[in-house]
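> structure here, sequence nowhere to be found:
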C-alpha cells in the first residue's frame, strides 16, 4: 500500500498530481467503497495542498547579525631594529582612535605588543603608524607600516621585568590612557599568568585583574594537575568599544581567553575546550562577572592549533581568530562569536565529563584566510581599526615572526561590513 501510494504522488508537467493510480486501485462500488473513496479523495486534497504549499521558512539565527569580511591587502614589515632592539614577536595589536589621523591624512596609530620575555630587549610595546592608500571607495589598500616609538613595560615599583619573568601575548587599549597586557605565565619556572594594566605613556603597571585559582598552575613539572599549560595561557585580550567613556569613568567590559585548554580540561581525544573570561572594570575594583566555554575547531594534520585573539565589535558580537600550523604551513580562520546564551562555567573546576551539560558560546565561520590567495604567517594579533572611507569598519591583523629570519611580520587589512 505504501509503495503504491508513494507512486500515486507523481507529478505531471503541470505540477498536478496524477490520480489514476488511486482510481485504478479502488473499484468504488459499495457504500464501503464510497467511504473509502471519500477518504482517498481527502488524502489527494491533503497531498495537493502539501505539495503546493511553500516550504516552511527557516528560522533566522538571531545570535548572528549578518556580517562579511573583505580582504583589502597586506604589508610585510622589513626586519629592523628600533632603539637598540629587534622589532619582532608582535603577538598583539590595538588601535588608538586618538592617534595621528586627520581629515586630510590617512595615517593611523596602533600599539603592537612584542612577546619578547625581556630576552632581546626590555619587555615592550611599539607605537605604529599605518598608512592607507585610497584611490576611490572601491580601492582602499594598506600602503605602509612604520615603527614610531617604543614603551618598556615596568612593574609597579618602576623596575623593568627581568628576563623570563613575563610572557606578554595580548594587548588592549583602555579608555583611561592605559593598556591592558596579558602574560601567559612561565609555568616551568613557577611564574603564574597575569593580566595587568599599564600606563600608556610610562609603561608602569597600575594594577592586576583577579585571576581565578583554577588558572594558576599547581606545579611547575609533570606533576601539574591544574592551571594554564606552559606557553599556552592567556593569549586573547579585548575591550568592548561600546563601553568606552571619556577618561574611563564609566565601567567597561574586558574579555580574555586562553590559547589552549587548562591542564584539568585537557582531553587527549578532544583538546578543544577553552575558557573565556568576562570582566567589568569599575574604577580600581575590577570584577570577574562570568566565564564561558569556547569550543576550538579541530584542524587535521596540525602540530599547533589555538585561539590567538578576540575582538569585540559591538552589539554583543565578538570576532575570534584561530590559528594553526601543520605540514602545509600556517592557516587561520575568523569566526563570529555570540556569548549571550552560553553557560556560566565559573564554578566548573574541570570540563572533563561535564561538556554535555554546558552550552558553549555560539560560533559561525566568517572568513577562512587560507582562501585569500596569499601566504599566511603566524597570525596572533587582531584589532578593530578606523572607519574606512566607504563607511565599513576596518580590521587589522598582525603575525608574530618569532624573531626568526625565515618568518615575516605580516599585517593584513580587512573590511568588516554589517548587513542589517
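Structure received. Here the structure is a predicted model, which means the values were calculated and not measured.

> contacts and neighbour counts: CA atoms only from here.
Fine.

> can you pull out the low-pLDDT segments for this structure?
Residues of the chain that meet the criterion pLDDT under 70 lie in 1-62, 100-105, 137, 269-271, 420.

> where exactly do the helices run in it?
Residue ranges of the helices in the chain, as given by DSSP state H, are 2-8, 20-25, 31-52.

> I figured residue 117 was touching residue 169, is that so?
No - contact criterion C-alpha atoms under 8 Å: residue 117 and residue 169 do not qualify, at 9.9 Å.

> what's opposite residue 131 in the beta bridge?
Taking DSSP bridges as the rule, residue 131 bridges to residue 107, residue 144.

> count of neighbours near it?
Look at residue 131: counted by other C-alpha atoms under 10 Å, it has 18 neighbours.

> wait, what's in contact with it?
By C-alpha atoms under 8 Å, 6 or more residues apart in numbering, the contact list for residue 131 reads 106-108, 142-145.

> for residue 76, which non-adjacent residue is spatially closest?
Nearest residue to residue 76, sequence neighbours excluded (C-alpha to C-alpha, 6 or more residues apart in numbering): residue 410, at 4.6 Å.

> quick one on the thing from earlier: from the contacts of residue 131, which is closest to residue 385?
residue 108 (8.4 Å; C-alpha to C-alpha).

> please list all residues in contact with residue 202.
Contacts for residue 202 (C-alpha under 8 Å, 6+ apart) come out as 151-152.

> can you tell me how far it sits from residue 377?
According to C-alpha to C-alpha, to the nearest Å, residue 202 and residue 377 sit 31 Å apart.

> which positions within stretch 397-415 qualify as buried?
For stretch 397-415, burial by neighbour count (16 or more other C-alpha atoms under 10 Å) applies to 397-403, 408-415.

> pull the most distant pair out of these.
It's 403 and 415 that sit farthest apart of these, by C-alpha to C-alpha, at 28.8 Å.

> before we move on, the earlier item: which one's more surrounded, residue 117 and residue 169?
Ranked by neighbour count (other C-alpha under 10 Å), residue 117 and residue 169 place residue 169 first, with 32 against 22.

> distance check, the more buried one against residue 188.
For residue 169 relative to residue 188 (C-alpha to C-alpha), the value is 17 Å.

> ok, now residue 119?
Residue 119 sits 17 Å away from residue 188, taking C-alpha to C-alpha as the criterion.

> and if you look at residue 414?
Between residue 414 and residue 188 the computed distance is 38 Å (C-alpha to C-alpha).

> you'd agree residue 251 is up against residue 283?
Yes - Residue 251 is within contact range of residue 283, at 7.3 Å (criterion: C-alpha under 8 Å).

> name the residue in the two with the higher neighbour count.
Each of residue 251 and residue 283 has its neighbours counted (other C-alpha under 10 Å); residue 251 has more, 16 against 12.

> quick check: nearest residue in space to that one, chain neighbours excluded?
Residue 251's closest residue in space is residue 282 (C-alpha to C-alpha, 6+ apart), at 4.7 Å.

> residue contacts, that neighbour?
When contacts are counted by C-alpha under 8 Å, 6+ apart, residue 282 touches 250-252.

> was I right to think residue 187 contacts residue 222?
No - look at residue 187 against residue 222 with C-alpha under 8 Å: they stay out of range, at 10.9 Å.

> what about the strands in the stretch 201-350 of the chain?
Secondary structure of the stretch 201-350 of the chain (DSSP state E, counting those that start in this stretch): strands located at 205-208, 234-239, 252-258, 273-281, 287-295, 302-314, 317-326, 329-338.
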